[in-house]
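**Q** coordinates only, sequence not included:
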């Protein structure tokens with residue numbers, strides 16, 4: 001599998017997840033967590049320099065995603 005193909009599949013899955021999350025699909029939020037939590041954690045750790053604070057931010061990001069999912073309009 002080429003990198004371009006892998007990226008395209010990931011992008012397609014992210015778009016599908018965004019639509020499912022906007023409809024309130026809890027399993028889609030769980031899948032988004034599985035796909036993206038490590039990336040969010042890495043970014044938050046670099047941003048804060050503190051693993052515990054980074055973990056709190058990861059939790060907060062996905063709580064906010066769940067809380068505000070229905071506001072998503074797919075624009076951007």
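**A** Ah, there it is. Here the structure is a predicted model, which means the values were calculated and not measured.
**Q** CA atoms for contacts and neighbours, from now on please.
**A** Noted.
**Q** state the pLDDT value of residue 75.
**A** pLDDT, residue 75: 57.
**Q** tell me where this structure has helices.
**A** 3-22, 26-48, 51-68 (DSSP state H).
**Q** now the last one: buried residues?
**A** Applying a neighbour-count criterion of 16 or more other CA atoms under 10 Å, one finds 54, 55, 57, 58, 59, 61, 62, 65, 66 buried in helix 51-68.
**Q** quick one: buried residues of stretch 15-31?
**A** Buried residues in stretch 15-31, counted by 16+ other CA under 10 Å: 17, 18, 19, 20, 21, 22, 24, 28, 29, 30.
**Q** need the residues you listed in CSV (columns: pLDDT).
**A** Compiled in CSV, the buried residues of stretch 15-31 are given as follows (pLDDT from 0 to 100):
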residue, pLDDT
17, 87
18, 86
19, 87
20, 90
21, 89
22, 87
24, 86
28, 92
29, 91
30, 93
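**Q** between those, which is closest to residue 70?
**A** residue 22 (4.5 Å; CA to CA).
**Q** run a quick neighbour tally on residue 34.
**A** Other residues near residue 34 number 10, with proximity taken as other CA atoms under 10 Å.
**Q** how about the contacts made by it?
**A** Taking CA atoms under 8 Å, 6 or more residues apart in numbering, we find residue 34 in contact with no residue.
**Q** show the model's pLDDT score for it.
**A** Confidence at residue 34, expressed as pLDDT, is 93.
**Q** output the below-cut-off pLDDT ranges for this protein.
**A** 1-11, 72-76 (pLDDT under 70).
**Q** if I look at residue 66, how far off is residue 25?
**A** Distance, residue 66 to residue 25, by CA to CA, to the nearest Å: 9 Å.
**Q** likewise residue 69?
**A** 9 Å.
**Q** could you do residue 38 as well?
**A** Counting by CA to CA - residue 38 and residue 25 are separated by 21 Å.
**Q** phi, psi of residue 50?
**A** phi -140, psi 120 (degrees, to the nearest 10).
**Q** just give me the neighbour total for it.
**A** When neighbours are counted by other CA under 10 Å, residue 50 registers 11.
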